[in-house]
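Chemist: Just to be clear, the model below is a prediction. Sequence and coordinates:
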Amino acid sequence: MVSGGIIVSAILGQLTMNHGFGYCRSWEGGLYLTSEVVFTGLAGIALLGDPVGWRFFTGGKLILGSAMAIQLEQVLRGRSHSSDMTVREVA
């Protein structure tokens, strides 16, 4: 019974989240999803008393490092979201 409730609420939450992403830009959606990890970690520490050890900080560095690496790759290739949009809109 509890498993069914968890499954139904997770599916409904995912559907409403996907519907809400239709009202924002892609970079805003990515920012929301990235901040979800931060807030989930903080809630786990503050509300559930999760220990903050080396694994927590290593995971945080991996997440932050991968986001920075993706951004750096786009900058080095000369791509920017605003320039891509203006070229497409003009053409």
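Modeler: Sure, I can see it. Numbers count the residues shown, from 1 in each chain.
Chemist: what packs against whichever helix or strand residue 66 is part of?
Modeler: In this assignment (DSSP states H and E), residue 66 forms part of helix 54-76. Helices and strands touching helix 54-76, by 3 or more C-beta pairs under 8 Å, 6 or more residues apart in numbering; DSSP states H and E, are helix 26-48. Yep, even glycine has a C-beta here, placed from its N, CA and C like the rest.
Chemist: buried residues in the helix it packs on?
Modeler: Neighbour counts using 16 or more other C-beta atoms under 10 Å place 29, 41 of helix 26-48 among the buried residues.
Chemist: contacts for that helix?
Modeler: 21, 24, 50, 52, 56, 60, 63, 67, 81 (C-beta atoms under 8 Å, 6 or more residues apart in numbering).
Chemist: quick revisit: the helix holding residue 66: how far from the chain's middle?
Modeler: 12 Å (C-alpha atoms, centre = their mean, to the nearest Å).
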